[in-house]
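> with the sequence up front, the predicted model follows.
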Amino acid sequence: MIQPRYRPERKQTAASGDAGATRRWVVVWLLWCGPLLARSQALAPAGHTPDVRWYEAAAAMKRLAQSWGDQAYGAVLVLDDHVVGEGPSRVIKHGDPNAHAEREAIQDAQRRLKRTKLTGSILYSTSRPCAACEAAAAAASVSRMVFGDTLQDAGVPRAVPRP
């Protein structure tokens with residue numbers, strides 16, 4: 001006759017249940033849904049926030065681009081409550097299909113600060129950045145992107161294209 005292995009009994013209380021299984025499911029859920037939650041496009045809170053002030057600066061860049069007869073896009077890059085990069089769209093003005101407002105703002109900030117990494121900065125744009133602009137923001141280590149007049153938070157830029 002084969003003897004079963006000795007397994008000490010786990011004491012469970014009614015309140016605790018199987019805490020290990022619950023913890024595992026929470027970890028699995030966070031690994032699965034965490035990136036989705038981080039990239040959720042929640043609206044900014046109502047009222048006067050700093051985001052509104054910086055969006056107005058991006059809107060001024062948009063009006064400047066329109067005054068040149070260019071596409072109606074604008075962006076600013078903010079670091080430590082100061083505008084460090086400004087970018088009106090220059091696609092038509094320069095004849096450069098890569099001269100999007102967001103990329104112009106990033107390049108302007110890199111020139112002004114004399115560095116390529118812009119860690120801690122926030123990119124404010126008048127519209128949703130395209131995949132190329134988002135990749136440029138990720139390469140420059142931009143910490144956050146906010147776009148549109150509803151101030152949707154695009155989260156941390158990614159270097160891979162959106163689905």
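Received it, and whenever you're ready, just let me know what you need.
> just for the protein, where's the confidence low?
For the chain, residues meeting the criterion pLDDT under 70 lie at 1-49, 159-163.
> quick one, helices of it?
19-38, 50-67, 91-94, 101-113, 131-139 (DSSP state H).
> give me the nearest residue to Phe147, chain neighbours excluded.
Ser125 (4.4 Å; C-beta to C-beta, 6 or more residues apart in numbering). C-beta coordinates here come from the backbone N, C-alpha and C atoms, glycine included.
> can you count the residues close to that neighbour?
Neighbours of Ser125 under the rule other C-beta atoms under 10 Å: 27.
> now do the same contact list for it.
Ala58, Tyr73, Gly74, Ala75, Ala101, Glu102, Cys133, Met145, Val146, Phe147, Gly148 (C-beta atoms under 8 Å, 6 or more residues apart in numbering).
> if we use 10 Å, what do you get?
Residues near Ser125 by C-beta atoms under 10 Å, 6 or more residues apart in numbering: 55, 58, 61-62, 73-77, 87, 100-102, 105, 133, 137, 145-148, 154.
> ok, and the closest non-adjacent residue to Trp68?
Here the residue nearest Trp68, using C-beta to C-beta, 6+ apart, is Lys93, at 5.2 Å.
> quick check: the one you found touching Asp70?
Yes - look at Lys93 against Asp70 with C-beta atoms under 10 Å: they come within range, at 5.1 Å.
> anything in contact with each of those two?
With C-beta under 10 Å, 6+ apart as the test, Lys93 and Asp70 both reach Ala99.
> more neighbours: which of those two?
Legend: neighbour count by other C-beta under 10 Å for Lys93 and Asp70, higher for Asp70 (20 against 14).
> ok, now how distant is the closest residue to that one other than its chain neighbours from Ala65?
Leaving aside its chain neighbours, Asp70 sits nearest to Ile92 (4.6 Å; criterion: C-beta to C-beta, 6+ apart). Distance of Ile92 to Ala65, given as C-beta to C-beta, to the nearest Å: 9 Å.
> list residues touching both of the two?
Contacts common to Ile92 and Ala65, judged by C-beta under 10 Å, 6+ apart, are Gln71.
> so for the two, which residue has more residues nearby?
More neighbours surround Ala65 than the other of Ile92 and Ala65, with 25 against 14 (other C-beta under 10 Å).
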